[in-house]
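>>> model the following, please.
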Amino acid sequence: HPICGSSFAELRSGHAGCIDNPINPICFFCFFFIFVHRVFVNRSVTLENIKCYGFDMDYTLALYKSPDYESMGFELIRDRMVSIGYAHEILRYTYDPSFATRGLVVDTTYGNLLKVDSNGNILVCSHGFHFIKGDHIQTYYPNKFIQRDDTERFYILNTLFNLSETYLYACLVDFFTRCTRYTNLKKGFQHGDLFMSFRSMFQDVRDAMDFIHNNGILKERTIKYLDKYVIKDPNLPLLLSRIREVAKVFLATNSDFNYTEVSHTLLFHLIFPRIPSKESTPWRTFFDLVVVDTRKPLFFAEGTVLRQVDTDTGKLRIGTYTGELHHGTVYSGGSSDIICDLLGVKGKNILYVGDHIFGDILKSKKRQGWKTFLVVPELEKELQLWDEKKSLFEELKCLDLFLAELYKELDSGSESSREIGTIQTRMKVLTYRMDMSYGQMGSLLRSGSRQTLFASQLMRYADLYSSTCINLLRYPFNYLFMAPPVLVSRFLKCSNVERSVYLWIMIKTLTRVGVHFDYKRIIDHQLQLWHNYNCNCNFKNMLSLDN
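Okay, the predicted model is just below:
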């Protein structure tokens, strides 16, 4: 790189010169490459062992432009709700991308939108566009906790397609709450002798969402304005071509053949404008196998009947397909087991790339043992904001460490207490400032120092994740994605310079918020711990050298 002198390998491994050099700040180019174009690792994956790559289509190979695509989906659902009898006044609502985020939970009993952590503890609660704070949350949830296993009551909005219906549901709750014709009740709204529950309202939204998908309205609008709604990445054919040199490639999508054919024909025509649109579509030549109408997650269980698609007419051929695999053949239905048999590969040698944490990642991991790659398009924005606001998180970490130090020498026999109210208040302020940087519901992955439900699922089920599958181009296909070891705390692993900075920030932060303690005693105690730790490490190093 002309600015910092880092090589391509250094950028990929995260050891760019501008990072290792504490004098020169990291340049924008290296930040953008290392983080935005990086593939992140939860569990080690050796690409050399991967014999087959599978891809979903929507929001994976075909990335949609946000928020334009979600706004279009919102308008279609909103119009459908009016057509089935909802008030025309809701037409005044327009999509606001700053409100909703993936991973929210709908409480169909009380009509609330919840952001929770991995254990079900409530982080954010909204009723329509009104955010419920503090003790008021206990009116609905006495323990500020939900049973996520109660799937009849709680519905998790995990997909990018869910964003439009999430916002519409908030609009409906907001409208009926404000409308003087309706009486607000705890579990719904009363209008004369008619009662409309939050559950029935959410079911109407879900039915409207299914309607625009099954009826083809959403797909027709997408195809008509493909250049407006779909990102054309010239690296997509390059990625698929390079993968096919070392492994097999298949496409497994819930979409039907006609939409898959037309959208991919136009998508590859946008990438290769010199190819006449009436020519035989080249996109299928990039895949060894194309499967449509998969009905995931059923595809990863018993599946459905596998049928061959007549690519000239788009119709299914009668009967179950039992022949051999032919390159570029298109099938409908089937199951993951059948795919493995057709391609001649085992589950552990398949890397499946998708955006749906439940339909693509969780089921393929739990039921088939496939290696998984989760596409998280929001990651680019998350990383950019993280870099801008990381000082807030560092201060939050320092306060957390300082709280631990305050109680370090106390045990069950101690009668003295610590005044921590001011510190807790400061931590709440920092958390709020961080969350508001991402939007009204906060970050997709965190609330302060706590992981969201979406983040915990990502960590548990996705072996790899990135903002786009195109980032695989930055790595050789014999690359070892090594998961970072988590053996000792970050505080013990940090350098002496970092430890000094942590202590300095602790002192400055606590002084600024008006907390006064015996800093010298605490710092001396911590320095002694570090000294003992370093001596112990040096002793272990000497033993290893002698051996």
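>>> show me how this structure divides into domains.
Annotated domains of the chain cover 1-36, 39-62+234-378+452-484, 68-224, 382-409+417-443+488-546 [automatic domain parsing].
>>> by mean pLDDT, show me the worst of those.
Note on the domains of the chain: domain 1-36 shows the lowest mean pLDDT, a mean of 45.
>>> still on that earlier bit, CSV please, covering the domains of the chain and showing mean neighbour count.
Where C-beta positions appear, they are placed from N, C-alpha and C, glycine not excepted. Formatted as CSV, the domains of the chain follow (neighbours: other CB atoms under 10 Å):
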stretch, mean neighbour count
domain 1-36, 15
domain 39-62+234-378+452-484, 18
domain 68-224, 17
domain 382-409+417-443+488-546, 14
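>>> the stretch 301-450 of the chain: helices as residue ranges?
336-343, 363-368, 379-406, 421-438 (DSSP state H, counting those that start in this stretch).
>>> for the ones you listed, which one sits closest to Phe257?
Closest to Phe257 of these is helix 336-343 (CB to CB; 16.6 Å).
>>> identify the residues contacting the closest one?
52, 54, 248, 250, 252, 288-289, 291, 299-300, 303, 306, 325, 346-347, 350, 364, 367-368, 370 (CB atoms under 8 Å, 6 or more residues apart in numbering).
>>> at 6 Å what do you get?
Contacting residues not belonging to helix 336-343 are listed as 52, 248, 299-300, 306, 325, 368 [CB atoms under 6 Å, 6 or more residues apart in numbering].
>>> pull the most distant pair out of the residues you listed.
Phe300 and Leu325 (19.6 Å).
>>> where does Phe268 fall, phi/psi-wise?
phi -70, psi -20 (degrees, to the nearest 10).
>>> how near is it to Ala62?
For Phe268, the distance to Ala62 (CB to CB, to the nearest Å) stands at 11 Å.
>>> likewise Gly334?
The value you get for Gly334 to Ala62, if CB to CB is used, is 21 Å.
>>> got the residue ranges for the helices in the stretch 1-150 of the chain?
Counting by DSSP H, counting those that start in this stretch, the helices of the stretch 1-150 of the chain are 8-13, 17-20, 28-31, 68-83.
>>> which strands or helices does the last one pack on?
Contact analysis of helix 68-83 by 3 or more CB pairs under 6 Å, 6 or more residues apart in numbering; DSSP states H and E lists helix 162-178, helix 198-214 as its packing neighbours.
>>> which strands border the next helix or strand after the first one, and is each parallel or antiparallel?
Following helix 162-178 in sequence order, the next helix or strand is strand 183-185 (DSSP states H and E). Sheet pairing for strand 183-185, assigned by DSSP bridges, gives strand 188-191 (antiparallel).
>>> run through who's touching the strand it pairs with.
With contact meaning CB under 6 Å, 6+ apart, strand 188-191 is reached by 176, 181-183, 195-198.
>>> and these as JSON lines, adding distance to Asp79?
JSON lines is the format used below for these (distance: CB to CB, whole Å):
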{"residue": "Phe176", "distance to Asp79": "18"}
{"residue": "Arg181", "distance to Asp79": "22"}
{"residue": "Tyr182", "distance to Asp79": "22"}
{"residue": "Thr183", "distance to Asp79": "27"}
{"residue": "Phe195", "distance to Asp79": "25"}
{"residue": "Met196", "distance to Asp79": "20"}
{"residue": "Ser197", "distance to Asp79": "23"}
{"residue": "Phe198", "distance to Asp79": "22"}
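>>> identify whichever of the helices and strands packed on helix 68-83 lies nearest to Leu430.
It is, among the helices and strands packed on helix 68-83 and with distance given as CB to CB, helix 162-178, at 26.5 Å.
>>> mind saving the C-alpha coords of that closest one as PDB?
Presented in PDB, the C-alpha positions along helix 162-178 are these (Å, rounded to 0.1, in the frame of the first residue of the first chain):
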ATOM      1  CA  ASN A 162     -38.500  -9.000   8.100                       C
ATOM      2  CA  LEU A 163     -37.300  -5.400   8.300                       C
ATOM      3  CA  SER A 164     -40.200  -4.000   6.300                       C
ATOM      4  CA  GLU A 165     -42.900  -6.000   8.300                       C
ATOM      5  CA  THR A 166     -41.200  -5.100  11.600                       C
ATOM      6  CA  TYR A 167     -41.600  -1.400  10.800                       C
ATOM      7  CA  LEU A 168     -45.100  -1.800   9.500                       C
ATOM      8  CA  TYR A 169     -46.200  -3.600  12.700                       C
ATOM      9  CA  ALA A 170     -44.800  -0.700  14.700                       C
ATOM     10  CA  CYS A 171     -46.700   1.700  12.500                       C
ATOM     11  CA  LEU A 172     -50.000  -0.100  13.100                       C
ATOM     12  CA  VAL A 173     -49.500  -0.200  16.900                       C
ATOM     13  CA  ASP A 174     -48.700   3.500  16.800                       C
ATOM     14  CA  PHE A 175     -51.700   4.400  14.600                       C
ATOM     15  CA  PHE A 176     -54.300   2.500  16.700                       C
ATOM     16  CA  THR A 177     -52.800   3.800  19.900                       C
ATOM     17  CA  ARG A 178     -53.200   7.400  18.700                       C
END
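>>> what does that helix rub up against?
Helix 162-178 is contacted from outside by 70, 73-74, 77-78, 90, 93, 95, 99-100, 104, 111, 128-129, 157, 182, 184, 189, 201, 205, 209, using CB under 6 Å, 6+ apart.
>>> roughly how far apart are Val205 and Ile156?
Counting by CB to CB, the gap from Val205 to Ile156 is 15 Å.
>>> hang on, the earlier thing: tabulate the helices and strands packed on helix 68-83 (CSV), appending distance to Trp386.
CSV is the format used below for those (distance: least, CB to CB, whole Å):
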stretch, distance to Trp386
helix 162-178, 21
helix 198-214, 31
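>>> out of the ones you listed, which gets nearest to Leu383?
helix 162-178 (19.4 Å).
>>> distance from the chain centre to the closest one, please.
How far helix 162-178 lies from its chain's middle: 22 Å, per CA atoms, centre = their mean, to the nearest Å.
>>> then stretch 240-260?
Per CA atoms, centre = their mean, the centroid offset for stretch 240-260 relative to its chain is 22 Å.
>>> apart from its neighbours in sequence, what residue is nearest the most centrally placed residue in the chain?
Centroid-nearest residue in the chain, with CA atoms, centre = their mean: Val376, separated by 4.5 Å. Here the nearest residue to Val376 in space, its sequence neighbours aside, is Tyr465; by CB to CB, 6 or more residues apart in numbering that works out to 5.6 Å.
>>> now the one you found, what are its backbone angles?
phi -150, psi 150.
>>> surely it and Pro377 touch.
No - here Tyr465 lies out of contact with Pro377, judged by CB atoms under 6 Å, at a distance of 11.0 Å.
>>> follow-up on the earlier one: and Arg446, which of the helices and strands packed on helix 68-83 is closest to it?
helix 162-178 (18.7 Å).
>>> tell me the contacts of the residue lying closest to Arg148 once chain neighbours are set aside?
Distance criterion CB to CB, 6+ apart; nearest residue to Arg148, sequence neighbours excluded, is Gly120 at 5.0 Å. For Gly120, the contact set (CB under 6 Å, 6+ apart) comprises 145-146, 148.
>>> how much space between Gly120 and Leu47?
Taking CB to CB, one finds Gly120 at 36 Å from Leu47.
>>> now do Tyr259
31 Å.
>>> following whatever helix or strand Leu236 lives in, which helix or strand shows up next?
Using DSSP H and E, Leu236 sits within helix 235-246. For helix 235-246, the following helix or strand on the C-terminal side (DSSP H and E) is strand 248-252.
>>> pairing partners for that following strand, with directions?
Going by DSSP bridges, the partners of strand 248-252 are strand 52-55 (parallel), strand 289-292 (parallel).
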